[in-house]
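**Student:** Kindly generate the corresponding structure for this input.
(chains A and B)
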Amino acid sequence: MSHTVTIEPIGEQIEVEDGQTILAAALRQGVWLPFACGHGTCATCKVQVLEGDVEIGDASPFALMDVERGEGKVLACCATVESDVTIEADIDVDPDFEGHPVEDYVATVTDIVDLSPTIKGLHLKLDRPMTFQAGQYINIELPGVDGARAFSLANQPSRADEVELHVRLVEGGAATTYIHEQLKAGDELKLSGPYGQFFVRSSQPGDLIFIAGGSGLSSPQSMIMDLLEQNDERKIVLFQGARNQAELYNRELFEALDRDHDNFTYVPALSQAEDDADWSGYQGYVHEAAKAHFDGRFAGNKAYLCGPPPMIDAAITALMQGRLFERDIFMEKFLTAADGAEDTQRSALFKKI
Amino acid sequence: MAVQNKKLNLKDKYQYLTRDMGWEPTYQKKKDIFPDEDFEGIKITDWSQWEDPFRLTMDSYWKYQAEKEKKLYAIFDAFAQNNGHQNISDARYVNALKLFLSGVSPLEHAAFQGYAKTGRQFSGTGARVACQMQAIDELRHSQTQQHAMSHYNKHFNGLHDAAHMHDRVWFLSVPKSFFDDARTAGPFEFLTAISFSFEYVLTNLLFVPFMSGAAYNGDMATVTFGFSAQSDEARHMTLGLEVIKFILEQHEDNVPIVQRWIDKWFWRGFRLLSLVSMMMDYMLPNKVMSWSEAWEVYYEQNGGALFKDLERYGIRPPKYQDVANDAKHHLSHQLWTTFYQYSQATSFHTWIPEKEEMDWMSEKYPDTFDKYYRPRYEHLAKEAAAGRRFYNNTLPQLCQVCQVPTLFTEMGAPTKLSHRQLKYEGERYHFCSEACCEIFEHEPEKYIQAWLPVHQIYQGNCEGADVETVVQKYYHINIGEDNFEYLGSPDHKRWLSIKGIKPADEDKNAA
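**Tutor:** Numbers count the residues shown, from 1 in each chain, chains lettered A, B, ... in the order given. Predicted structure coming up:
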């Protein structure tokens, strides 16, 4: 049994299981709330309950005062919920977040194409248009697969009644195996969306860097197509990382965009191209390509990262050493069963990266 | 369609509440108003990038703290009325409180002064307000700690003049000089030293031992103080993180300056915490965890994760952390054997650990305790049994920087004394380690002014030339009551009488 908790002022919704704390559920579902001790004594995670029934739990009387209890304040690290609940937390609302409502859709498979030996392009037609921001994702339900799976939208918002997904086959992954091996044109699927906080911050000045790895090209593709369609004048550089030429998909699409748009530059990088005589592009990891291209100095740009955790991690380090910081870096981590457990212990130095 | 938020979020509310705190001066130059802001070479290009690590208004601060104090003092009262001191594990525990009250509580007061002064130096309002808030917290902590422990002063010796002792007693110059060093630095070094290195990186190694130590040994008053302080400490820690991020992000020229400060203040903090290491392993009758275990969890693991993240700013782990990591197997034993032999000049008692305690240490320090330290205690115990309880009458050589006696050993060579010396303008200076020597070399003009207790005694500045006069008259340590061996001390006799083990000694009636 679970309840929905809406977190204001950002409006994100999370599912909280019986007995699970609001903080644990939020962090698991990728919503950051301020916290420190995690066991009810420091009061860093104090939130205001606006609506619904919340059990205060084991909050220390020195961390959550009687007057605050009376006002409906709770500590998210101890509090459990007994109904659907709305809380207000000390987090910043993003001025670029448009807050399009999440709705359920029925989609029909129109095409499944091979993008690379491990990645398929899945094209769907929606029963009605969906309004979303380029970079956001949907949750899709697949027959025989427990729970919905998240995939980023690769199509730009102007193609509102379509869905394009890039799906990498994950070994042992039920959903991706189903898509790769059983799904066919004409099948109907249920999906919901749009979700997520990954989108271009147009209110923030600065040129744009996109760093994509593997099937993480999807969101950047949507964002770049959208920007160029809208004649955005900022300089845009896309770094796309892959192992080899076969895995480097949609290359022609971006090479064409590079030719047609003065403000767009495409830099593919292959990490295993030592023996590839055909390859005249960058050899090495994608973050190294970015470093080389910008001569290690990224100040003045905003960076958008999408790909597997090790790529994200290496890219953040490269960007920060080149003087971009947390406020300049946005990302979508692609966590799959194959990526294994969460990383090792993290400090509290960074909130979002 | 986007839904407009009808409510201001907390950040906006806070901004509206505080924005008038900063204004552009019209008839004075900014540089004259904030003369210390750039003297350390730290470059701040844009104060508006400062992100308030917590958003607290005075109004809510008073409300919140008032309720905390009400609860806290209710528990102090209950503790006193129920003679809570009779329910602690053992009277030896009170010696940990004597060390805390004379070594740590005055630092809270020094922190209050430090933040009040430092906050004044910043032209950015966010940093200014955060420092001011922390200054008030620190003043409260100093007061509530003294109140928490004042009950013990009615029943045990050595707690009667902690602030005076902090200024004068030889080993208390270790914490005192630590904070004086920070307070006499520039504003950004102060924040790196105290907010970041101390409050963020090392604070768990101070508060967990003392507060969990209190809990394990039945000291409700001190435990409750710990709970009441924890929500403040969480704010102090977030300030430490914001400070370091802010300085590092403002300009790349700041990175090497901050690196040197981290190297220095990690080491200064580590040396200061050596006092805590002995408290943890030796002064707590019921032990929480060993110093080496605490070091592994709170520094090697948590600090490791932090420095891994800081690497992204071009910051590497503190230069001498390998020495500190190696020292975890030795530190507490080297400190306690030193204090054991200088107990004639301390405001607390020392003793030989009991058999079960030594076995605990063998288990916690399998590679070092039986090999290097147990034989020393066995020897000292034999001497004491033969009526020759050992006191060392030669005053120790103190390190010019950390002011700890030069008692430590070299990394990887536990029987080799670590000692460095150098000459500066014709004078020779002595150090406990390479790290302290390096700190001196960078700012010799600062450290040649150090007030070293042993030197001061020899120079005749401490009201006498012999230990007895200095201890009694200059330190205000009551001879025969506060100092010397625990076994047979008035504290020990009183405890036995409380526990009904032996009739009270008659010396009180005689008086």
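
**Student:** I'd like to know how many residues surround A:A277.
**Tutor:** A:A277 has 6 neighbours, counted by other C-beta atoms under 10 Å in any protein chain shown. For glycine as for every other residue, the C-beta is placed from the backbone atoms N, C-alpha and C.

**Student:** Equivalent analysis for A:H180, please.
**Tutor:** 19.

**Student:** Could I get the contacting residues of it?
**Tutor:** A:K120, A:V167, A:L169 (C-beta atoms under 8 Å, 6 or more residues apart in numbering or on different chains).

**Student:** in the sheet, who's paired with the first one?
**Tutor:** Under the criterion DSSP bridges, A:K120 forms beta bridges with A:D114, A:V167.

**Student:** B:G124 contacts B:E51, correct?
**Tutor:** No: assessed by C-beta atoms under 8 Å, B:G124 is found out of contact with B:E51, at 11.1 Å.

**Student:** Neighbour count: these two, which is higher?
**Tutor:** Legend: neighbour count by other C-beta under 10 Å for B:G124 and B:E51, higher for B:G124 (18 against 15).

**Student:** What parts of the stretch 201-350 of chain B come near chain A?
**Tutor:** Residues of the stretch 201-350 of chain B lying close to chain A by C-beta under 8 Å from any C-beta of the partner chain are B:224, B:227-228, B:230-231, B:233-235, B:237-238, B:241, B:245, B:249, B:252, B:301-302, B:304-306, B:308-314.

**Student:** Please repeat the previous calculation with a cut-off of 7 Å.
**Tutor:** B:227-228, B:230-231, B:234, B:237, B:241, B:245, B:249, B:252, B:301, B:305-306, B:309-310, B:312-314 (C-beta under 7 Å from any C-beta of the partner chain).

**Student:** Over to the stretch 51-200 of chain B?
**Tutor:** Counting by C-beta under 7 Å from any C-beta, the stretch 51-200 of chain B comes close to chain A at B:R55, B:K63, B:Y64, B:E67, B:K68, B:K71.

**Student:** same thing but 10 Å
**Tutor:** B:51, B:53-55, B:60, B:63-68, B:70-72, B:200 (C-beta under 10 Å from any C-beta of the partner chain).

**Student:** Looking at those residues, state which has the most neighbours.
**Tutor:** B:Y200 (25 neighbours).

**Student:** Count the neighbours of the residue nearest to that residue when sequence neighbours are not counted for me.
**Tutor:** Closest residue to B:Y200 apart from its sequence neighbours, by C-beta to C-beta, 6 or more residues apart in numbering or on different chains: B:G240 at 3.5 Å. Using other C-beta under 10 Å, B:G240 is surrounded by 23 other residues.

**Student:** Where does B:G240 fall, secondary structure wise?
**Tutor:** B:G240 belongs to helix B:220-250 when assigned by DSSP states H and E.

**Student:** For that helix, the averaged confidence score.
**Tutor:** Across helix B:220-250, pLDDT averages out at 92.

**Student:** Stretch A:297-307 now?
**Tutor:** Rounded mean pLDDT across stretch A:297-307 is 96.

**Student:** Mind listing what's buried along that stretch?
**Tutor:** Residues of stretch A:297-307 classed as buried by neighbour count (16 or more other C-beta atoms under 10 Å in any protein chain shown): A:F298, A:N301, A:K302, A:A303, A:Y304, A:L305, A:C306, A:G307.

**Student:** Tell me the one among those residues nearest to B:Q344.
**Tutor:** Each of the buried residues of stretch A:297-307 was scored against B:Q344 by C-beta to C-beta, and A:F298 proved nearest at 62.6 Å.

**Student:** That closest one should be in a strand, yeah?
**Tutor:** No: A:F298 is assigned coil when assessed by DSSP: H, G, I helix; E, B strand; the rest coil, not a strand.

**Student:** Hmm, A:I316 and it touching each other?
**Tutor:** No: assessed by C-beta atoms under 10 Å, A:F298 is found out of contact with A:I316, at 11.2 Å.

**Student:** about what we covered before: quick check on the residues of the stretch 201-350 of chain B next to chain A: which are buried?
**Tutor:** Buried among those by 16+ other C-beta under 10 Å: B:227-228, B:230-231, B:234, B:237, B:241, B:245, B:249, B:252, B:305-306, B:309-310, B:312-313.

**Student:** got the residues of the stretch 401-511 of chain B near chain A?
**Tutor:** Counting by C-beta under 10 Å from any C-beta, no residue of the stretch 401-511 of chain B sits close to chain A.

**Student:** so which residue of the stretch 401-511 of chain B comes closest to chain A?
**Tutor:** As assessed by C-beta to the nearest C-beta, chain A sits closest to B:A435 within the stretch 401-511 of chain B, at 23.5 Å.

**Student:** Let me know the average pLDDT across stretch A:318-332.
**Tutor:** Rounded mean pLDDT across stretch A:318-332 is 93.

**Student:** Of all the residues in that stretch, which ones are buried?
**Tutor:** Buried residues in stretch A:318-332 (16+ other C-beta under 10 Å): A:318-326, A:328-332.

**Student:** Using JSON lines, please lay out the residues you listed together with secondary structure.
**Tutor:** As requested, the buried residues of stretch A:318-332 are exported to JSON lines (three-state DSSP):
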{"residue": "A:A318", "secondary structure": "helix"}
{"residue": "A:L319", "secondary structure": "helix"}
{"residue": "A:M320", "secondary structure": "helix"}
{"residue": "A:Q321", "secondary structure": "helix"}
{"residue": "A:G322", "secondary structure": "coil"}
{"residue": "A:R323", "secondary structure": "coil"}
{"residue": "A:L324", "secondary structure": "coil"}
{"residue": "A:F325", "secondary structure": "coil"}
{"residue": "A:E326", "secondary structure": "helix"}
{"residue": "A:D328", "secondary structure": "helix"}
{"residue": "A:I329", "secondary structure": "strand"}
{"residue": "A:F330", "secondary structure": "strand"}
{"residue": "A:M331", "secondary structure": "strand"}
{"residue": "A:E332", "secondary structure": "strand"}
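
**Student:** hang on, the earlier thing: so the residue of the stretch 401-511 of chain B closest to chain A lies in a helix, does it not?
**Tutor:** Yes: B:A435: assigned to a helix according to three-state DSSP.

**Student:** mind listing what A:H166 touches?
**Tutor:** A:115-116, A:119-122, A:151-154, A:212, A:214-219, A:221, A:249-250 (C-beta atoms under 10 Å, 6 or more residues apart in numbering or on different chains).

**Student:** Just the buried subset of those, written out for PyMOL, thanks.
**Tutor:** Buried residues within those, by 16+ other C-beta under 10 Å, are selected in PyMOL with:
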select buried, chain A and resi 115+116+119+120+121+122+151+152+153+154+212+214+215+216+217+218+219+221+249+250
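
**Student:** The contacts of A:H166 in strands, which ones?
**Tutor:** A:I119, A:K120, A:G121, A:L122, A:F151, A:S152, A:A212 (DSSP state E).

**Student:** Present these as TSV; the columns should include distance to B:A327.
**Tutor:** TSV is the format used below for the ones in strands among the contacts of A:H166 (distance: C-beta to C-beta, whole Å):
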residue	distance to B:A327
A:I119	52
A:K120	57
A:G121	59
A:L122	58
A:F151	52
A:S152	50
A:A212	47
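
**Student:** Mean pLDDT per helix and strand in the chain: which one sits at the bottom?
**Tutor:** Since you didn't name a chain, this refers to chain A. Across the helices and strands of chain A, mean pLDDT, DSSP states H and E gives its lowest value to strand A:329-333, namely a mean of 85.

**Student:** looking at chain B here, not the other one
**Tutor:** Every helix and strand in chain B was compared by mean pLDDT, DSSP H and E; the lowest is helix B:507-510, with a mean of 44.

**Student:** Find the residue ranges of the stretch 201-350 of chain B scoring beneath the pLDDT cut-off.
**Tutor:** By pLDDT under 70, the stretch 201-350 of chain B contains no weakly predicted segment.

**Student:** Run through the helices of it in chain order.
**Tutor:** B:204-207, B:213-216, B:220-250, B:254-278, B:291-294, B:302-310, B:321-327, B:331-341 (DSSP state H, counting those that start in this stretch).
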